[in-house]
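Student: I would like to see how this sequence folds:
(one chain, ligands or ions: 1)
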Amino acid sequence: MSETRQPLIGISCCTTTVGPHPFHMAGEKYILGALQGAGGIPLLIPAVGAHIPMDALLEQLDGLLLTGSPSNVEPHHYTGPASAPGTQHDPGRDATTLPLIRRAVELGVPLLGICRGFQEMNVAFGGTLHQRLNEVPGLLEHREDTSQPLPVQYGPAHEVRIEPGGLLDRATGCSSAMVNSLHNQGVNRLAPGLQPEAVAPDGLIEAFSVSAASTFALGVQWHPEWKVMENPFYLSIFKAFGDACRARAARPKRTL
Ligand SMILES: N[C@@H](CCC(=O)NCCCC(=O)O)C(=O)O
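Tutor: Now for the predicted structure:
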C-alpha cells in the first residue's frame with residue numbers, strides 16, 4: 001500500500017515590478033503557512049490570467065491558498081463605483097484568481113482565502129465589497145497602524161463570534177477568538193451560496209464557507225498565516241485545510 005503523498009498547494013501571486021521587470025510574488029508567511037501549517041508543498045501560481053490552463057493546473061493541485069495583498073479587487077468585477085484615485089489594483093491577479101476560485105470549487109479543490117483572497121471569493125460568487133470601511137458608519141477601525149512594528153500590526157485587534165456548528169467551529173472548536181485586522185475593504189453584500197462563519201462585534205462578516213463545496217472552502221478576513229505555528233486558533237484553520245488537501249492528494253491522479 002502506498003503512503004499518501006504530501007499535498008501540492010497552489011498559492012496565488014500578486015504582480016509587482018522589480019527595477020524595470022514585471023515579477024509575480026507571494027509573501028513568505030503564506031508560503032510557510034502552506035508548508036508548516038497545512039503540511040503541503042507550496043506552488044506559486046503566477047498572475048497571468050487566461051494564459052494558465054486552469055483545469056490542467058487544478059487537476060494537479062490538492063489545495064488552493066488565496067493570499068492577502070495591499071491591492072484591491074477592481075470594482076468593475078462587482079459593479080461597484082470606480083476606486084478612489086491612487087487605489088492599488090492588480091488586474092492580472094483578478095484575472096487569475098476570480099475564475100480559478102469558481103473552477104476550484106466546481107472541481108472539489110480545497111480552498112482557503114485570506115484577506116484579499118476572502119474578498120475575491122465573495123466577488124467571484126457574485127457578492128459586493130465595501131471599498132472604504134473607515135467611511136461606513138458604525139464600523140470599527142479594521143486597518144492596521146502602519147507606524148507600528150509588524151508584530152503589533154498583526155497582533156490581536158478584535159474578537160470574532162464563530163457560528164455554532166459551522167465549518168470554522170468544526171475546524172477550530174472555538175465559539176469566539178481574537179484575530180488581527182489589516183484591511184479597509186470588506187463584505188458588503190454576501191454572495192449567494194456563501195455561509196457566514198464568523199462575525200466581528202460591528203456585524204462585519206469576517207469568515208464564510210461555500211455551501212455547495214464538496215470539500216473545505218473557507219474565507220477569512222484576518223491573517224491566520226501570521227506566525228501560524230505559534231497561534232493554536234490560526235493553526236487549527238491551516239490544519240483543517242491541510243487535512244482536506246491530504247484527502248484530495250490520496251485520490252488517484254491523472255498525469256498531464
Ligand atoms: N487591500 C484589501 C486587502 C487587504 C489585505 O489583504 N492585506 C494584506 C496585506 C499584506 C499581505 O500581503 O499579507 C483591503 O484593504 O481590504
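Student: pLDDT value on P46, please?
Tutor: At P46, the model reports a pLDDT of 98.
Student: for T96, see how far away it is.
Tutor: Plainly put, P46 is 8 Å away from T96 if you go by CB to CB, to the nearest Å. C-beta here means a position set from N, CA and C on the backbone, and glycine is covered the same way.
Student: these two: which has the busier surroundings?
Tutor: Per other CB atoms under 10 Å, whichever of P46 and T96 has more neighbours is T96, with 25 against 18.
Student: tell me which stretches of this protein form helices.
Tutor: 28-32, 54-60, 91-107, 116-124, 150-153, 167-172, 232-249 (DSSP state H).
Student: could those be laid out in CSV, adding mean pLDDT?
Tutor: Below are the helices of the chain laid out as CSV (pLDDT from 0 to 100):
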stretch, mean pLDDT
helix 28-32, 98
helix 54-60, 98
helix 91-107, 98
helix 116-124, 99
helix 150-153, 98
helix 167-172, 98
helix 232-249, 98
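Student: follow-up on the earlier one: now do the shared contacts for P46 and T96.
Tutor: 13, 52 (CB atoms under 8 Å, 6 or more residues apart in numbering).
Student: any idea how far A26 is from L44?
Tutor: If you go by CB to CB, the gap between A26 and L44 works out to 5 Å.
Student: report the set of residues contacting both of these two.
Tutor: What both A26 and L44 touch, as defined by CB under 8 Å, 6+ apart, is the set 11, 13.
Student: the more surrounded of those two?
Tutor: Between A26 and L44, counted using other CB under 10 Å, A26 has the larger neighbour count: 21 against 16.
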